[in-house]
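Novice: got a predicted model here, sequence first, then my questions.
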Amino acid sequence: MRNRKPIAKNLEAARNASPAMRVAFPSVNELRVELEFDSADKWAPAAQVHILHPAAAATFRYPCPISGCSGHFELDSSINSLLNRSESMLADDATCAGVRPEDRSTSKACALHLRYRVEATYGSRR
Ligand SMILES: [Zn+2]
């Protein structure tokens with residue numbers, strides 16, 4: 001057996017990490033995830049664009065951009081189902097269920113509103 005062994009220091013990280021895009025979704029060439037935030041406050045966090053290539057980990061969990069908020073946006077199930085169906089576009093929204101530091105005493109939900117848009121491009125091997 002001549003299996004290539006991972007470098008020792010990466011062993012634990014590799015064990016805990018999600019598989020790479022090229023393993024989980026081999027037909028995907030590029031995945032573009034756009035995040036836009038609506039806030040009831042005057043200030044809304046800046047929009048984000050994440051581009052995932054085949055070497056990137058196939059995980060779609062984004063922390064709430066409000067400083068110190070305990071929440072995150074879990075987009076794994078919607079993006080996984082998009083990619084499993086080999087569809088190219090998805091637009092949906094989500095609400096942060098985390099709690100901001102200033103609301104810790106009351107546990108009031110952050111409720112930051114996320115609108116997201118995902119575009120997948122596929123390689124020739126479909
Ligand atoms: Zn939040």
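Specialist: Received, thanks. Everything numeric here is computed off the predicted structure, so don't read it as measured data.
Novice: from here on, contacts and neighbour counts on C-alpha atoms
Specialist: Noted.
Novice: next SSE downstream of the helix or strand bottoming out on mean pLDDT in the chain?
Specialist: Every helix and strand in the chain was compared by mean pLDDT, DSSP states H and E; the lowest is helix 8-16, with a mean of 54. Next along the chain after helix 8-16, taking DSSP states H and E as the criterion, comes helix 21-24.
Novice: where's R61 relative to the ion, distance?
Specialist: 13 Å (C-alpha to the ion, to the nearest Å).
Novice: low-confidence ranges in this protein?
Specialist: By pLDDT under 70, the weakly predicted segments of the chain are 1-16, 124-126.
Novice: quick one: contacts for the residue nearest the centre of it?
Specialist: Closest to where the C-alpha atoms of the chain average out (C-alpha atoms, centre = their mean) is F60, at 2.2 Å. Applying C-alpha atoms under 8 Å, 6 or more residues apart in numbering to F60 gives the contacts 74-76, 79.
Novice: mind doing that once more with 6 Å?
Specialist: 75-76 (C-alpha atoms under 6 Å, 6 or more residues apart in numbering).
Novice: state the distance from it to A17.
Specialist: 12 Å (C-alpha to C-alpha, to the nearest Å).
Novice: quick one: buried residues of stretch 68-88?
Specialist: 69-73, 75, 79-80, 82-83, 86 (16 or more other C-alpha atoms under 10 Å).
Novice: contacts for it next, please.
Specialist: With C-alpha under 6 Å, 6+ apart as the criterion, stretch 68-88 contacts 60-64, 96-101, 119-120.
Novice: how about stretch 111-121?
Specialist: So stretch 111-121 is contacted by 28-39, 88-97 (C-alpha under 6 Å, 6+ apart).
Novice: so how far is that stretch off the chain centroid?
Specialist: 9 Å (C-alpha atoms, centre = their mean, to the nearest Å).
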